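**Q** For reference, the sequence and a predicted model appear below.
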Amino acid sequence: MTPVVATVSAALGVEESAVREQRPGELVLETEAAAQPALAERATLGLGGRLMSLFASDERDQTGSFLLHYIWSLPALSTFLHISAPINPATPSYPSIAATYPAANWFEREVMDFFGLAPEGHPNPARVALHDDWPDGAWALLKDFPDERVVPRALGDFHPFRPVTGEGVFQIPVGPVHAGIIEPGHFRFGVAGEPVLYLQLRLFYVHKGIEKRFERLPWRHGLFLAESISGDTAVGHALAYAHAIERLADVAVPSRARVLRVLLLELERVYNHTADIGALATDVAFTVPASRAQALREGLVRKQDELFGTRLLRGTIALGGVKRDLPPPRADALRAYLHAFEKEFDDLITLLIDAGTFTDRVDGTGILTNQAARDLGIVGMAARASGVDADFRRDHPHDAYAGLRFEVPVEDGGDVRARLMIRAREVEQSLLILHQVLDALPATSDTPLAARVPDLPARASALGWVEAWRGPCTHWVATDERGEITRVKVTDPSFLNWPGLVHAVPGNIVPDFPVINKSFNLSYSGNDR
Amino acid sequence: MFNIITKSLRTGVLTEANPFGTRASFGFPVIDFSRCTACDDCVRSCPTGALRSATPDPDSKTLSESYAACIQCGECVTGCPEQAVDVSDDVEVAAYSREQLAQTAAFDIDPATGRNTFSGVQVQHGPSLSESAARLRERIHGRLGRSLHVRQVDAGSCNGCELEISATTNPLYDLERFGIHLVASPRHADVLLVTGPVTRNMEIALRRTYDAAPEPRIVVAVGACGCSGGIFGEGTYAAIGGVDRVLPVDVYIPGCPPRPQAILNGLLVAMGLREARVGRELRTR
């Protein structure tokens, strides 16, 4: 019995023997669905837990029931707590925790949409993932729903948006096809003149059935699907999937590969943060720094292409390690490049925050308060810009992060300015990490870059996690009796953070929406999957 | 203000005189069929079905490769026991049909030993690249001139293609100098630049966008998913597949994602200013 198990079981008020350390950093507890509201309260109040994912799996062929899964991060104990509870298909419902823990809101509705399991007592049990032309009673993630089944469109009303009434009060519909080169989604603004009264979202336009697709592909090919969950987070999602597979197969990743994975993940962070900073300047029509940022970002992706043969770092992560090495001459080239980059990046930030015309637009714009961020369970960079101090790289170290020196920047403003400054400070930390990694990289590689991953064990499951540039990505992978994948649950930070945008926009004027939206820069594809 | 001016002056012009002609260190696979034994190892290693084999009758076998579905993962290169798969370094790849991006090799099966012997590359059905180019030029003749207004539609992409389309607007590529403008409304557009796989939930929006665009409304499909459904497949409950499953497609730009040069090249092909090349040359080692 480890001390962590004793602490957790005591705080949850369950038998010590009920909590099991399945793998390092991953506790499991099997219990009743009815116990979830009480367990959620004890996990948050007693253990400082944060809900990272909530999903179902169809185990009817094995146990005759569905399983509901709750993934809690317990940062103080540096462990995840995976609570699962069976649900009898004869009574397909369970008590909702969404009224007390809004982070569960979309998750529970998604379980309803794909499994037909109803959250009892949910304050708003409407569809979140399914569009209105999807008929009732077709649950796509059930095992007896074939992947290639094409469901005829149902005739129905458009999504029932909340109405607005009153003189001079009206709605602005935007999307799904937007004016810029961005992903599709529908925004419905209720406005009184310029100020926004409320924002409603309609997402899942780019729902590609990724979780179902994982169940069909051989698990070795799942890596390529993971790279395409969100095009800007190819390393983050590929790594989260690889972690889950490696934990399942009990494979140790070679130390050089673990270090190179940190390097790739930090490069991904830097190129995305740089692009976002430029996009913030674009959205307030400040073209000089916008162009500078675009050029800087292009320079970095070209350097990535030169070093690894891939601009957006696709194809760099292997199951068991990495696919590309960084021999000493290239490491030196990257080191020199990063020094030049740092100077240019500092100039860019100075150019922005020294300009009153820019700071006027971003200061106090789109505030997500610390209270709202905590209550909604916002994660990643957006949470840290609202004073929530959480980062998997420190709280649940993966790859080589445990041996690296870095800080987790936190800003208190919660506005666009704070989300800009978080990016700037994170780039600073990333450069520190990159230099440490480059210095630590041995000149010669006497070990292979990737460990061989043997066949996966039958009827097993594991959690993989990564703090990617936008926030935490988690993949839960389960196998069937043949050791093939039977369920993958992908959680992109965007899925947890879109409700944060809904809270940050009201009270601002419509023309500020693009810059607020961009300051979160949430993924539609990662959300919709 | 002074800072901004000095920064601009010091930076100078970043736009590259000629963005074309760059070489990718990793492009599309090129199979040396004379070394290929049609063992199917590459077919099994391919995650998207870009490589397929078939046995139409007991004495013969075919192996097909399609750049439309290729995500350039390199699994076939490392997976081939005969080292018969190499990669092309050609970036500027485009075509006018899915068939033009595909190639099928035929093999004879020796009934005694079961060994496969390469018997030739099959002739592709449909028009050749130059025939298609002439047809497209005829269709747009006199209507587009040297200016092109493009409406981008993400019909299901992972956002990778959008990142590279956005990159074409950065100061280094600067697509506006070619007379190409990305516009906000389909009503202003000559071209729809569509990424996929077209999802069930974007199909209606995509059709409406197409209906809103004036003729000749050229459709350009971008990326492995836009060309074929890619890693997400075709005909699933959520993904319909390639853009041509929903709209008539004039130009295909394969790749996962295609590089900015490939997208620029594809748009010049759509304007009739360039002829599409599939680029099956081996890189020079």
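**A** That came in fine, so what should we check first?
**Q** Residue A:329 - that's part of a helix, no?
**A** Yes: under DSSP: H, G, I helix; E, B strand; the rest coil, residue A:329 falls within a helix.
**Q** Count the residues that sit near it.
**A** Per other C-beta atoms under 10 Å in any protein chain shown, the neighbour tally for residue A:329 reads 8. C-betas here are computed from N, CA, C, even on glycine.
**Q** how much space between residue B:19 and chain A?
**A** Applying C-beta to the nearest C-beta, to the nearest Å, the value for residue B:19 to chain A is 11 Å.
**Q** Can you classify that residue as helix, strand or coil?
**A** coil.
**Q** List the buried residues in the longest helix that chain A contains.
**A** As assigned by DSSP state H, the longest helix anywhere in chain A is helix A:255-283. Residues A:256-283 are the ones in helix A:255-283 that count as buried (16 or more other C-beta atoms under 10 Å in any protein chain shown).
**Q** so what does that helix touch, helix or strand wise?
**A** Contacts defined by 3 or more C-beta pairs under 8 Å, 6 or more residues apart in numbering or on different chains; DSSP states H and E place helix A:255-283 against helix A:234-249, helix A:287-308, strand A:317-318, strand A:321-322, helix A:328-353, helix A:416-440, helix A:513-520.
**Q** Redo those as a markdown table? Include distance to chain B.
**A** Converted to a markdown table, the helices and strands packed on helix A:255-283 look like this (distance: least, C-beta to the nearest C-beta, whole Å):
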| stretch | distance to chain B |
| --- | --- |
| helix A:234-249 | 7 |
| helix A:287-308 | 4 |
| strand A:317-318 | 11 |
| strand A:321-322 | 14 |
| helix A:328-353 | 6 |
| helix A:416-440 | 17 |
| helix A:513-520 | 12 |
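**Q** Make CSV out of these and add distance to residue B:143 and mean pLDDT.
**A** What follows is the helices and strands packed on helix A:255-283, written out as CSV (distance: least, C-beta to C-beta, whole Å; pLDDT from 0 to 100):
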stretch, distance to residue B:143, mean pLDDT
helix A:234-249, 39, 97
helix A:287-308, 32, 93
strand A:317-318, 46, 95
strand A:321-322, 50, 94
helix A:328-353, 42, 93
helix A:416-440, 43, 95
helix A:513-520, 33, 94
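**Q** With respect to residue A:86, which of the ones you listed lies nearest?
**A** Within these, the stretch nearest residue A:86 is helix A:234-249; the backing value is 21.9 Å (C-beta to C-beta).
**Q** buried residues in the closest one?
**A** For helix A:234-249, by 16+ other C-beta under 10 Å, it's A:234-249.
**Q** Also stretch B:145-164?
**A** Neighbour-count burial for stretch B:145-164, counted by 16+ other C-beta under 10 Å, picks out B:148-164.
**Q** Tell me which of the residues you listed fall in strands.
**A** B:148, B:149, B:150, B:151, B:152, B:153, B:154 (DSSP state E).
**Q** Could I get the contacting residues of the fifth one?
**A** If you count contacts by C-beta atoms under 8 Å, 6 or more residues apart in numbering or on different chains, residue B:152 has them with A:181, B:162, B:165, B:182, B:192, B:193, B:194, B:195.
**Q** quick one: which of those sit in helices?
**A** B:162, B:165.
**Q** Name the member of the contacts of residue B:152 that has the highest neighbour count.
**A** Going by other C-beta under 10 Å, residue B:195 tops the contacts of residue B:152 with 34 neighbours.
**Q** Quickly note the distance from residue A:461 to chain B.
**A** Distance from residue A:461 to chain B, by C-beta to the nearest C-beta: 23 Å.
**Q** nope, residue A:203 is what I meant
**A** Distance of residue A:203 to chain B, computed by C-beta to the nearest C-beta: 9 Å.
**Q** One more: residue A:483?
**A** 17 Å.
**Q** interface residues of the stretch 1-150 of chain B facing chain A?
**A** Contact residues (C-beta under 8 Å from any C-beta of the partner chain) of the stretch 1-150 of chain B with chain A: B:3-4, B:7-8, B:11, B:14, B:24-26, B:47-48, B:71-74.
**Q** of those, buried ones?
**A** Using 16+ other C-beta under 10 Å, the buried ones in these are B:4, B:7, B:14, B:24, B:26, B:47, B:48, B:71, B:72, B:73, B:74.
**Q** Of those residues, which belong to helices?
**A** If you go by DSSP H, those have B:4, B:7 in helices.
**Q** a markdown table please, covering the buried ones among the residues of the stretch 1-150 of chain B next to chain A and showing distance to residue A:355 and pLDDT.
**A** Formatted as a markdown table, those follow (distance: C-beta to C-beta, whole Å; pLDDT from 0 to 100):
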| residue | distance to residue A:355 | pLDDT |
| --- | --- | --- |
| B:4 | 8 | 82 |
| B:7 | 11 | 81 |
| B:14 | 21 | 89 |
| B:24 | 38 | 82 |
| B:26 | 41 | 82 |
| B:47 | 47 | 95 |
| B:48 | 47 | 94 |
| B:71 | 42 | 94 |
| B:72 | 41 | 92 |
| B:73 | 44 | 92 |
| B:74 | 45 | 90 |
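**Q** Mind picking the two most distant members of the buried ones among the residues of the stretch 1-150 of chain B next to chain A?
**A** Farthest pair in those (C-beta to C-beta) is B:4 and B:47. Separation: 47.5 Å.
**Q** Strands of the stretch 1-150 of chain A, residue ranges please.
**A** Here the stretch 1-150 of chain A has its strands, by DSSP state E, counting those that start in this stretch, at A:19-23, A:26-30, A:50-59, A:65-74, A:79-87, A:93-95, A:118-120.
**Q** okay, those in TSV with mean pLDDT next?
**A** Converted to TSV, the strands of the stretch 1-150 of chain A look like this (pLDDT from 0 to 100):
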stretch	mean pLDDT
strand A:19-23	92
strand A:26-30	94
strand A:50-59	96
strand A:65-74	96
strand A:79-87	95
strand A:93-95	95
strand A:118-120	95
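**Q** Ok, which of those comes nearest chain B?
**A** Closest of the strands of the stretch 1-150 of chain A to chain B is strand A:50-59, at 15.1 Å (criterion: C-beta to the nearest C-beta).
**Q** Which strands border the closest one, and is each parallel or antiparallel?
**A** strand A:65-74 (antiparallel) (DSSP bridges).
**Q** now the partner strand against strand A:26-30, angle please.
**A** 140 degrees (axes from the mean of the first three to the mean of the last three C-alpha atoms, to 10 degrees).
**Q** ok, and for strand A:65-74, which residues are buried?
**A** Within strand A:65-74, the residues scored as buried using 16+ other C-beta under 10 Å are A:66, A:67, A:68, A:69, A:70, A:71, A:72, A:73, A:74.
**Q** For those residues, work out which two are farthest apart.
**A** A:66 and A:74 (25.2 Å).
**Q** Give the residue farthest from the middle of chain A.
**A** residue A:167 (40.7 Å; C-alpha atoms, centre = their mean).
**Q** Pull up the gap between that residue and chain B, please.
**A** 30 Å.
**Q** Nearest to chain B: which residue in chain A?
**A** For chain A, the residue closest to chain B is residue A:231, as judged by C-beta to the nearest C-beta, at 2.8 Å.
**Q** Which parts of chain B are helices?
**A** Applying DSSP H to chain B gives helices spanning B:2-11, B:41-45, B:75-79, B:129-140, B:160-167, B:200-212, B:223-228, B:260-270.
**Q** May I have the residues that are in contact with whichever residue of the stretch 151-285 of chain B sits closest to chain A?
**A** Closest residue of the stretch 151-285 of chain B to chain A, C-beta to the nearest C-beta: residue B:160 (2.8 Å). Residues in contact with residue B:160, defined by C-beta under 8 Å, 6+ apart, are A:228, A:231, A:232, A:234, A:312, A:314, B:223, B:256, B:257.
**Q** of those residues, closest to residue B:78?
**A** Nearest to residue B:78 among the contacts of residue B:160, with distances taken as C-beta to C-beta, is residue A:314, at 15.7 Å.
**Q** From residue A:437, how far out is that closest one?
**A** 20 Å (C-beta to C-beta, to the nearest Å).
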